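**Q** Sharing a sequence plus its predicted fold:
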Amino acid sequence: MVDLESEVPPLPPRYRFRDLLLGDQGWQNDDRVQVEFYVNENTFKERLKLFFIKNQRSSLRIRLFNFSLKLLSCLLYIFRVLDDPTKGNACWGCSNQNYTRIDWSPVIWVRRSLPLWGLQVTVALISLFETMLLSYLSYKGNIWEQILRIPFILEIINTVPFFITIFWPPLRNLFIPVFLNCWLAKHALENMINDLHRAIQRTQSAMFNQLLILISTLLCLIFTCICGIQHLERAGNNLSLFDSLYFCIVTFSTVGFGDVTPKIWPSKLLVVIMICVALVVLPIQFEQLAYLWMERQKSGGNYSRHRAQTEKHVVLCVSSLKIDLLMDFLNEFYAHPRLQDYYVVILCPTEMDAQVRRVLQIPMWSQRVIYLQGSALKDQDLLRAKMDNAEACFILSSRCEVDRTAADHQTILRAWAVKDFAPNRPLYVQILKPENKFHVKFADHVVCEEEFKYAMLALNCICPATSTLITLLVHTSRGQEGQQSPEQWQEMYGRCSGNEVYHIVMEESIFFAEYEGKSFTYASFHAHKKYGVCLIGARREDNKNILLNPGPRYIMNSTDTCFYINIIKEENSTFKKQEEEERTRASNSFYQGPSRLPVHSIIASMGTVAIDLHDTGCRSSSGPNLTLPADGCKGGRRPSIAPVLEVADASSVQTCDLLSDQSEDEATPSDDEESTREEYIKGYPPNSPYIGSSPTFCHLLREKVAFCCLRLDKGCRHNCHEDAKSYGFKNKLIIVSAEAVGNGLYNFIVPLRAYYRPKRELNPIVVLLDIPPDLHFLEAICWFPMVYYMVGSIDNLDDLLRCGVSFAANMVVVDKESTMSAEEDYMADAKTIVNVQTLFRLFSSLSIITELTHPANMRFMQFRAKDCYSLTLSKLEKKEREKGSNLAFMFRLPFAAGRVFSISMLDTLLYQSFVKDYMISITRLLLGLDTTPGSGFLCAMKITEDDLWIRTYGRLYQKLCSSTGDIPIGVYRTESHKLATSESQISVNVDYCEDTKETKDTFGYRNNHRNSTSSDQSDRPLLRKKSMQWARRLSRKVPKHFSKTEEKISKQRMSLCKRSERQELAELVKNRMKNLGLSTAGCEGMNDHQNMLSYILINPSPDTRLELSDIVYLIRPDPLAYVPKDPDSRKSSVGNNTGVGQDETQL
């Protein structure tokens, strides 16, 4: 091996110029032949051209040397002027003479010392040689083009006379205008700057070049004028160089004192010429500079490297920047205290619009936000934004594009470009279509709009207002909204909206450190009871997966990361003990025990929360239970609420009906239900419509349905049903209206068919499409039970009736892609809003969930023109917006009730992930987009009359934790409210048959409408009533010989007058159903729900009273986490995890 290695020849030396000159003695005996390749460079001229012109670095050195020579020549001229203070010299050997007229001899002859002459001759010879050489190398066949160039002419004027004086000594004192070399220096400087930027491979700023040209032109004009006037005045006033400088500055600045003026006409003529040149040249330069300045203002300039290295900044890449998008990003990004010193650099290919420009001129944002016009696909623009020094990069898609797939493709290319340019920068990407998500899988955080949108809309159908719940959780707020409102619901709703998700390591926490070694449910209940915080999840130190409510068998470790909901994070909280008197008062309440629920006083001020603590102590599992009041024990009610165990055992975990009496026998299912259950199995869907979808355990059919059977309104050889009513569904329908099928629609079906949904509670799903679906989508949904589609539109009443809207539970209206872009941005929702308003008027009992493009348009949902309460809410919204609230729209009734949703509200989820990197994971787990083994899921339960004995939210928390391990996180409350009456809601219910009831009915009707503030609302029923009275009087005067036909017509007219608008609409719907051959049996009447309002209380205090029909949001533990390995026991435990209604469990 040693001999072989010694025989290996060393690598040849690097090819260097020194090797060409000196040779390499070590390679003389080498047999190999060195071959040199030339690309048309084998001639001497080509080699010189390569060195002087083509090569960037050598050319830069040559131009730098040329620039130095020109400056040296100008300095030598100044020294010559300062060394020649006399009035002038005559010719060689002549004496000085004075003339009364112009003496031209001082202008032609000057005094030049011999050393100075030698230096000037040397500089001139070098400059002449260089000029001739460069002219020869750049010669292209036209010699006149080279000779007539202005730089060449100036070079000849300034150098050839010096060359002549070498051979003719009498001309050594001849005046030569060497000061004109300043123009040659300006020309050399411009070329030198261009070569400099070429050599370092960077594009110079056009603004810098133009500014350099302007300054150098101005300096050359002033220097030429100074030297010219000073020399010409040698024949007149004999001005010094400083006086000439003073005169030029005063003249060019248009001040003109007049104390120093030229005396002879040649100098005056030079001043006129220089002023004319300045008036022509300088305005052109200023115009170009102003144009470049305006363009730079549009493009935004550069983010300096010094700022990037000393300050922190993030880059926001968008295809088009709208004011709503910008304000959402800035408000959410700067809501966190530790981000106040960050800068935001916006990189956008379009020009900044007027609204964005006005906002960025506000001092609050002008010092923080930098707008750069450029493309993320260009490395030059990424370098301008200093992407390699950024803390993070946000890439957002343009959702207003008609072609959303093309918008995703642009986002993908931007993400690839940023990753290629700065591979170590954290990347936050927003994508629209789920099928494009796997292209940006490398990003640190990805939010797919359609995935979140459809999953949220699906959960809205079974857990009301899930969209509002998620929106409030991902928005940063201090809970100050609505605190000045006189209405209690607005105050509670606004305060609870300040709750957010935070995290902390258990051993560093005051909230949870004392629960080390305890069960998760024990820690969650006692932390809520003592501190008012809701512990919802945990994560092991050695595991990246977050577990939402891992259940009572999960034991807390000191290194676990706890995720909790609270008004503010623990690090910004202070704690204080309550007085002994309050504890005494708490112990003397009407029920005894250490589980007395405190009244928490939470004060949010300047980012700090003061929490009153109670000395509750930790109660052992064998301690006394909560006892019911005496009247609560009647009827065999439960005696008490079991305590929450520190460490759960198998007997304490119930996987069946939540909070129900387990001693009650379950109802025996019917034969039809048994046959239906046998058709369903649980498993993973065999077909996924796109790459990257998370597998979810679902209810499936044993055999897939034929494609023809998926069409709801057309029969086939397998069934003869042609409308929704004929199927005989036991549960109400869920209808989703969309323009066309998308892969995101798959995420609407999966949460509604998840394995933890009881089989008897599955609602049939009808997809109403404008465009027929493709086979790929049908292949994906054919395995799910009770999923159908129908081609139609919500514009058509017949299509709505055929798909079963008259007995549907929920109607989901998805925003159409074709209407997302409009000439006026906010008009993109016009068609959707009007169609939903029509549905709202025709089917008032239908729960309609609508998606809008712009959140500002939600004020038009369920619009009532003369509703005073809506006007009051509008004023409240404006006040909250003036206070700087990020959730000013939260008090709008449709949003508070979860009836309207905009996907742009979830943009803050991506922004918040910069500080809370776990928010996307938690949101996906809540929506069912991801299923982690051992992690819980979101569901809801309804409070009935039999459950009001629980009384408070804190006792409900204890009951859930002690029985089933569920963690409540909020309450959806519906209550009646005395709203103002509008025209469409007025109905006349008086008896017109008896005259004695007229006065009584009129008086009663007026009393019922005292609260109306509009004259139209009171005058219209009165006019209708008077017209009916007039019609009755006429009917009494009708002669008895009138025919029966006329009496029948008269009765029909009277019945038409008596009908209200709502009754007319109901009659219209029923008549249309009869014409279509649809059964009207079971069609619900027009229920008036317009005097009801709903809102959400996130993590309310433990002493919050429960009310009838409250819906409690629960995070239920994974049923499969504690299922025994025996298949029979697994089937029973999973099957018993059922509730009542829409995943609602009675207490």
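**A** Received, thanks.
**Q** low pLDDT regions in this protein?
**A** Scanning the chain for pLDDT under 70 picks out the ranges 1-42, 85-100, 195-207, 295-302, 575-639, 648-678, 818-824, 978-1060, 1081-1090, 1122-1147.
**Q** Give me the residue at the spatial middle of it.
**A** The centroid of the chain falls nearest to Asp907 when counting by C-alpha atoms, centre = their mean (3.6 Å).
**Q** what separates that one from Leu116, distance-wise?
**A** With distances taken as C-beta to C-beta, to the nearest Å, Asp907 is found 73 Å from Leu116. C-betas here are computed from N, CA, C, even on glycine.
**Q** same question, Leu876
**A** Plainly put, Leu876 is 86 Å away from Leu116 if you go by C-beta to C-beta.
**Q** which of the two has more neighbours?
**A** When Leu876 and Leu116 are compared for neighbours, Leu876 comes out ahead with 21 against 16, by other C-beta atoms under 10 Å.
**Q** show me what contacts the more buried one?
**A** When contacts are counted by C-beta atoms under 8 Å, 6 or more residues apart in numbering, Leu876 touches 482, 485, 490, 891.
**Q** Now stretch 347-367: buried residues?
**A** With burial defined by 16 or more other C-beta atoms under 10 Å, the residues of stretch 347-367 counted as buried are 347-349, 352, 356, 359-360.
**Q** quick one: Ile213 from Gln56, how far?
**A** Using C-beta to C-beta, Ile213 is found at 21 Å from Gln56.
**Q** What count of nearby residues applies to Phe807?
**A** For Phe807, the count of nearby residues is 17 (other C-beta under 10 Å).
**Q** go on, the one 10 residues further on?
**A** Under the neighbour criterion other C-beta under 10 Å, Glu817 is assigned a count of 20.
**Q** I'd guessed it sits against Glu739; true?
**A** Yes: contact between Glu817 and Glu739 holds when scored by C-beta atoms under 8 Å: they sit 6.0 Å apart.
**Q** Tell me which stretches of the stretch 901-1050 of the chain form strands.
**A** Assigned by DSSP state E, counting those that start in this stretch, the strands in the stretch 901-1050 of the chain fall at 937-942, 967-976.
**Q** can you redo these as CSV with mean neighbour count and distance to Asn810?
**A** Shown next, in CSV, are the strands of the stretch 901-1050 of the chain (neighbours: other C-beta atoms under 10 Å; distance: least, C-beta to C-beta, whole Å):
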stretch, mean neighbour count, distance to Asn810
strand 937-942, 24, 14
strand 967-976, 21, 15
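**Q** want to throw those into CSV with distance to Ser267?
**A** CSV is the format used below for the strands of the stretch 901-1050 of the chain (distance: least, C-beta to C-beta, whole Å):
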stretch, distance to Ser267
strand 937-942, 91
strand 967-976, 90
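**Q** rewinding a little: please identify which pair of the contacts of Leu876 lies farthest apart.
**A** For those, the farthest-apart pair by C-beta to C-beta is Ser485 and Phe891; their separation is 8.2 Å.
**Q** packing partners for the helix or strand that Ala527 is a member of?
**A** Using DSSP states H and E, Ala527 sits within helix 520-531. Contacts defined by 3 or more C-beta pairs under 8 Å, 6 or more residues apart in numbering; DSSP states H and E place helix 520-531 against strand 534-539, strand 608-613, helix 953-963.
**Q** Of all the ones you listed, which one comes closest to Tyr522?
**A** Closest approach to Tyr522 among the helices and strands packed on helix 520-531 is made by helix 953-963 (7.3 Å; C-beta to C-beta).
**Q** relative orientation of the closest one and helix 520-531 in degrees?
**A** Angle of helix 953-963 versus helix 520-531, following axes from the mean of the first three to the mean of the last three C-alpha atoms, to 10 degrees, is 160 degrees.
**Q** ok and helix 953-963 relative to strand 967-976, angle-wise?
**A** 140 degrees.
**Q** Just send the helices and strands packed on helix 520-531 back as CSV, with mean neighbour count too.
**A** What follows is the helices and strands packed on helix 520-531, written out as CSV (neighbours: other C-beta atoms under 10 Å):
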stretch, mean neighbour count
strand 534-539, 24
strand 608-613, 17
helix 953-963, 24
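**Q** Make TSV out of the ones you listed and add distance to Leu927.
**A** What follows is the helices and strands packed on helix 520-531, written out as TSV (distance: least, C-beta to C-beta, whole Å):
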stretch	distance to Leu927
strand 534-539	14
strand 608-613	28
helix 953-963	21
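**Q** Between the strands of the stretch 901-1050 of the chain, which one is closest to Ala290.
**A** Nearest to Ala290, of all the strands of the stretch 901-1050 of the chain, is strand 967-976, at 58.6 Å by C-beta to C-beta.
**Q** quick one: which of the buried residues of stretch 347-367 sit in helices?
**A** Taking DSSP state H, the ones among the buried residues of stretch 347-367 that sit in helices are 356, 359-360.
**Q** In three-state terms, label the nearest residue to Ala390 once chain neighbours are set aside for me.
**A** Distances taken as C-beta to C-beta, 6 or more residues apart in numbering place Val315 nearest to Ala390, at 4.8 Å, with adjacent residues excluded. When classified by DSSP: H, G, I helix; E, B strand; the rest coil, Val315 comes out as strand.
**Q** Val315 reaches Leu396, doesn't it?
**A** No: using C-beta under 8 Å, Val315 is not in contact with Leu396; the gap is 11.4 Å.
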